[in-house]
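[1] Any chance you could fold what I've pasted below:
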Amino acid sequence: MPTPTPATDLPLLPLPTPGTAADPAVLIIYTGGTVGMAVSRTGELVPMQFGRLDRKMPELARLGLRLSLLSWPEPIDSSNVTPQDWLRLAALIGQHYADFDGFVILHGTDTMAYSAAALSYVLEHLGKPVIFTGAQVPVGRSRSDAQRNLITALEIAAARHPRAHTVRVPEVGVFFNDVLIRGTRAKKVESQQFAAFKSENYPPLARAGISLEFSDKSIRLLPAAPLKVHTRLEEKVAVLRLFPGLSQAVVEAILGVEGLRGAVLETYGSGNAPTASWFLRCLQAARARGIHLLNVSQCEEGRVTQGTYETSAQLTDLGVLGGDDITSEAAVTKLMYVLGLGLSEERTRSLLTQDLRGEITQ
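    Predicted structure coming up:
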């Protein structure tokens, strides 16, 4: 199991905006991605100088916020993000949690949904906004979405309920192209359009038009409790996506990985899988070795209901757990989180089927 990641000592950079002591304080954490790139005078993409962010985005001065920045020493492409990076992000938020009203994480889009889901799990009892955002087009390019996404993400991170005067969105969320999505519900669906993320099985938490419109009934409001930052994720998990022609050798190779603790089965429709004897024997052997199997539908709007058809009934008998309408991204990170807790077999299986962070529709 990975070594716990401590809070880092990255320098905190206050940004020169005219916020006062009475204004909300928001911490921007830059990890990498297109949103942190700018176009040079010669037309090349270069890392943005975040100390001059107020010059690139003069609109920040009109937000009435106290802004500070933490930047990864070496920005990383989101394709290279690892579970250790998630733990590092969580540690940073825990380190600065008492000093800020909200957090905005600038992140590449390719694995943003995984990162948002992972942070949702490891930040237990979260009572402040942690909003992921990024861009499809860098600052300086015509029709860039970077400024709009960042500015609105900051507004959401600082938003208070007009009547209750409490935090408006005490959750991890993904804001992109005028829509705020729960962190455990986001899925990247576009690489060429601004609407890069969707939440097929749960309504948006907010929409940004002329004004910000929050869906209060969709936002999770939990009893106040001290933030608990978890420091362990089990990385020995796998994904087995079913397809016609999937061979026994491939299934055995994936489920036979030494030390494997869990696997997400991406099945058909409402959780259906082949009934071939060799396939069922592979699953049975995996369960006998203590591997936890979580059944997730390949359909974007799918929901697993094991037992509806004969082709899924046997999975329940073998000990495969139904994932309901959880996304693959949330399922993978949930496995890492729950297995990292080091609990008993019974308790682990119970948590894997419970709704922990709004990832499953009740």
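[2] where exactly do the helices run in the stretch 151-300 of the chain?
    Counting by DSSP state H, counting those that start in this stretch, the stretch 151-300 of the chain has helices at residues 248-255, 277-288.
[3] for the record, mean pLDDT for the longest one?
    Going back to what we said before, that points to helix 277-288. The pLDDT scores in helix 277-288 average 97.
[4] That one to helix 248-255, inter-axis angle?
    Interaxial angle of helix 277-288 relative to helix 248-255 (axes from the mean of the first three to the mean of the last three Cα atoms, to 10 degrees): 10 degrees.
[5] Run through who's touching helix 277-288.
    The contact list for helix 277-288 (Cβ atoms under 8 Å, 6 or more residues apart in numbering) reads 248, 251-252, 255, 260, 263, 273, 293, 314-315, 318-320. No exception for glycine: its C-beta is placed from N, CA and C like everyone else's.
[6] tell me the contacts of residue 298?
    Residue 298 touches 241, 242, 266, 267, 268, 269, counting by Cβ under 8 Å, 6+ apart.
[7] Now rank those residues by neighbours and give me the top one.
    In terms of neighbour count, residue 267 stands highest of the contacts of residue 298 at 27 neighbours, by other Cβ atoms under 10 Å.
[8] Next up, phi/psi of the closest residue in space to that one that isn't next to it in sequence, please.
    Spatial nearest neighbour of residue 267, chain neighbours left out: residue 273 (4.8 Å); criterion: Cβ to Cβ, 6 or more residues apart in numbering. Torsion angles at residue 273 (phi, psi; degrees, to the nearest 10) stand at phi -150, psi 160.
[9] Residue 246 is in contact with residue 273, correct?
    No - counting by Cβ atoms under 8 Å, residue 273 does not reach residue 246; the two are 9.8 Å apart.
[10] So for the two, which sits in the more crowded spot?
    Neighbour count, other Cβ under 10 Å: between residue 273 and residue 246, residue 273 has more, with 24 against 16.
[11] Report how many residues lie close to residue 276.
    Applying other Cβ under 10 Å, we find 11 residues neighbouring residue 276.
[12] That should have said residue 150, apologies.
    Neighbour count for residue 150, taken as other Cβ under 10 Å: 25.
[13] Assign it to helix, strand or coil.
    Here residue 150 is recorded as helix under DSSP: H, G, I helix; E, B strand; the rest coil.
[14] Take stretch 86-101, keep the C-alpha atoms, and write them as CSV.
    Coordinates of the C-alpha atoms in stretch 86-101 are reproduced here as CSV (Å, rounded to 0.1, in the frame of the first residue of the first chain):
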residue,chain,number,x,y,z
TRP,A,86,-4.7,13.0,-5.5
LEU,A,87,-3.4,12.5,-1.9
ARG,A,88,-1.1,15.4,-2.3
LEU,A,89,-4.0,17.7,-3.4
ALA,A,90,-6.1,16.5,-0.5
ALA,A,91,-3.2,17.2,1.9
LEU,A,92,-2.9,20.7,0.6
ILE,A,93,-6.5,21.4,1.1
GLY,A,94,-6.4,20.0,4.6
GLN,A,95,-3.3,22.1,5.3
HIS,A,96,-5.1,25.4,4.2
TYR,A,97,-8.7,24.4,5.0
ALA,A,98,-9.1,26.8,8.0
ASP,A,99,-7.8,29.8,6.1
PHE,A,100,-10.0,29.8,3.0
ASP,A,101,-13.7,29.7,2.2
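[15] Show me what the mean pLDDT comes to for it.
    Averaged over stretch 86-101, pLDDT sits at 96.
[16] Give me the buried positions along that stretch.
    Of all the residues in stretch 86-101, those buried under the rule 16 or more other Cβ atoms under 10 Å are 86-97, 100-101.
[17] Then residue 68 would be within a strand, right?
    Yes - under three-state DSSP, residue 68 falls within a strand.
[18] how much space between it and residue 27?
    Separation of residue 68 from residue 27 (Cβ to Cβ, to the nearest Å): 5 Å.
[19] Quickly list what residue 103 is bridged to.
    Under DSSP bridges, the beta-bridge partners of residue 103 are residue 27, residue 130.
[20] these two touch, right, it and residue 158?
    No - the criterion here is Cβ under 8 Å, and residue 103 misses it with residue 158 at 10.5 Å.
[21] Check the contact lists of these two and give me the overlap.
    26, 129.
[22] pull the helix or strand with minimum mean pLDDT from this protein.
    One helix or strand of the chain scores below all others by mean pLDDT, DSSP states H and E: strand 45-47, with a mean of 61.
[23] related to what we said a few turns ago, buried ones among the contacts of helix 277-288?
    With burial judged by 16+ other Cβ under 10 Å, the buried subset of these is 251, 255, 260, 263, 273, 293, 314, 315, 318, 320.
[24] which residues touch the residue lying closest to residue 184 once chain neighbours are set aside?
    Of all residues not flanking residue 184 in the chain, residue 359 sits nearest, at 3.7 Å (Cβ to Cβ, 6+ apart). Counting by Cβ under 8 Å, 6+ apart, residue 359 touches 117, 120, 184, 185, 326, 327, 330, 334.
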